[in-house]
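> with the sequence up front, the predicted model follows.
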Amino acid sequence: MLKRTPISFIVLPVAAILGACGGADPDSSAADATEASALAIVGATVIDGSGAEAVPGATVVVRDGRIESVGPSAEVEVPADAEVLDAAGKHLVPGLINAHGHVGATLGLEGGHYSRENVLRQLALYASYGVTTIVSLGGDEPAGVEVRDEQDVPALDRARLYVAGAVVAGITPGAALEMVHGNAAMGVDFIKIRVDDNLGSTYKMTPDVYGAVIEGAHELGLPVAAHLFYLEDAHGLLDAGVDFIVHSVRDRDVDDALATRLVEAGVCYSPTLTREVSTFVYEGEPEFFSDPFFLASAEPAVLEALRAPESMARYRESESAQRYKEALAQAQENLGALSNAGVTIAMGTDTGPPARFQGYFEHLELALMAESGMSPMEILVASTGDAARCAGLEGVGTIEAGNWADLILLNADPLEGVENLRAIESVWIAGNEVPSVSG
């Protein structure tokens, strides 16, 4: 157990206990929480998310939701009004950032249920697994914008959210630009496009259309994130000035030219490996169905439906599922090649649609990134500091003075293996402890 020593009468706000589904009370408001003057987390080994070496025996001081100071304990003064959290023997890392998720639409195994209540419930679920920021790239409605607009407060007790609105489609530049302007009017942070024919089964956005979208979005000051599948389209999107590639190239090996172009243009790459997993893994019972870390938030009715013989048969008999199984291996090979070539990787999962389990799948993604050849430090940075930079987010991603105190305190060293990011002692958002699970 961690030892807390209040140096004054200050009381640290703690969110309500999670229910069986891993969510805090969706009606709770950050504005209702009590603000603490200061918190000092003392003695932990700090891994700051920038790629810098770990700092053992460090102190992090938090005031009004933000990090006031951080460094070796001998160099950081603990304020007299702080509550002290003895974290000796623990590791402190930034909260994880999912640079490609979706929030608000799914209930059970059904989509189409977007609501403020659902957004808040899912943000609490993400937070319980240490995912403290989500970039929602599509399907967002005005309620999500409202939730985002309420989050920059010291009393925040759920994950942060950034939104893209509706995924931009359209077979003509004019139709697509109309969607861009509609999203901009709603107040989005990004524009999301799909350049994919779903294994040859649907229309794919053409270069003249996505070129117009990218140009139009940039005129409005909005970055563009692109879903893709094919290497050829990755090059075409770079020609058009895309800002962020948010799926893996899955049709063939990436070439050296793509790696060079991504590095030179400063365009990041989010692999979303668990998206492929979700297309075929339910053809049988997944191993994670017996993982306590997963079961901490799993809904029994959802598991029962996915275990049904007729459901498993549909996955086994799906031609696309089998092709995406092959695509996963290609995606992992390409991730390793691009990471080794110096391309900036941002962790993303495409969680949020049915059976892509928010919170847990982020940890599955980390394991798949490790299988692809990335080191624990590379994966941690891709999931924190680099994810924030790739998405253009300020105030999150690294443990440094001035940033929000979105933190995970761990009982094991994540640099010894990314599975140790499951060893959650506590999760903090704006310096407020929120309900969490532990693996």
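All right, it came through fine.
> how about the strands in the stretch 101-250 of the chain?
With DSSP state E, counting those that start in this stretch, the ranges of strands along the stretch 101-250 of the chain come out as 131-136, 160-163, 191-195, 224-228, 244-245.
> so which of these is nearest Lys90?
Shortest distance between Lys90 and the strands of the stretch 101-250 of the chain, using CB to CB, is found for strand 131-136: 17.3 Å. In this view, the C-beta of every residue, glycine as well, is placed from N, C-alpha and C.
> residue ranges in the stretch 101-250 of the chain under the pLDDT threshold?
The stretch 101-250 of the chain contains no residues with pLDDT under 70.
> quick check: longest helix of the chain.
helix 319-340 (DSSP state H).
> quick one: average pLDDT of it?
The pLDDT scores in helix 319-340 average 98.
> now that helix, how far from the chain's geometric center?
20 Å (CA atoms, centre = their mean, to the nearest Å).
> likewise for stretch 80-95?
Distance of stretch 80-95 from the chain centroid (CA atoms, centre = their mean) equals 23 Å.
> tell me the span between the first and last residue of that stretch.
Distance between the boundary residues of stretch 80-95 (CA to CA, to the nearest Å) amounts to 27 Å.
> so which helix or strand takes in the residue nearest to the spatial centre of the chain?
Nearest residue to the geometric centre of the chain (CA atoms, centre = their mean): Asn98, 1.0 Å. Per DSSP states H and E: Asn98 is located in strand 96-101.
> over to Val60?
strand 55-63.
> okay, buried residues for that strand please.
Buried residues in strand 55-63, counted by 16 or more other CB atoms under 10 Å: Val55, Ala58, Thr59, Val60, Val61, Val62, Arg63.
> unless I'm mixing things up, the fifth one is touching Glu75, no?
Okay, so that is Val61. No - contact criterion CB atoms under 8 Å: Val61 and Glu75 do not qualify, at 11.5 Å.
> out of the strands of the stretch 101-250 of the chain, which is closest to Gly144?
Nearest to Gly144, of all these, is strand 160-163, at 4.9 Å by CB to CB.
> can you give me the helices for the stretch 151-300 of the chain?
173-186, 207-219, 231-240, 256-265, 273-280, 292-295, 300-307 (DSSP state H, counting those that start in this stretch).
> need those helices in a markdown table with mean neighbour count and distance to Thr45, can you?
What follows is the helices of the stretch 151-300 of the chain, written out as a markdown table (neighbours: other CB atoms under 10 Å; distance: least, CB to CB, whole Å):
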| stretch | mean neighbour count | distance to Thr45 |
| --- | --- | --- |
| helix 173-186 | 17 | 42 |
| helix 207-219 | 19 | 42 |
| helix 231-240 | 19 | 38 |
| helix 256-265 | 15 | 31 |
| helix 273-280 | 23 | 28 |
| helix 292-295 | 16 | 22 |
| helix 300-307 | 14 | 37 |
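> coming back round to it: which element follows the longest helix of the chain toward the C-terminus?
Following helix 319-340 in sequence, per DSSP H and E, is helix 360-371.
> how about residues contacting that following helix?
96, 98, 126, 129, 131, 271-274, 277-278, 288, 291, 293-294, 297-298, 332, 335, 345, 347-349, 351, 376, 379, 382-383, 417-419, 421-422, 439 (CB atoms under 8 Å, 6 or more residues apart in numbering).
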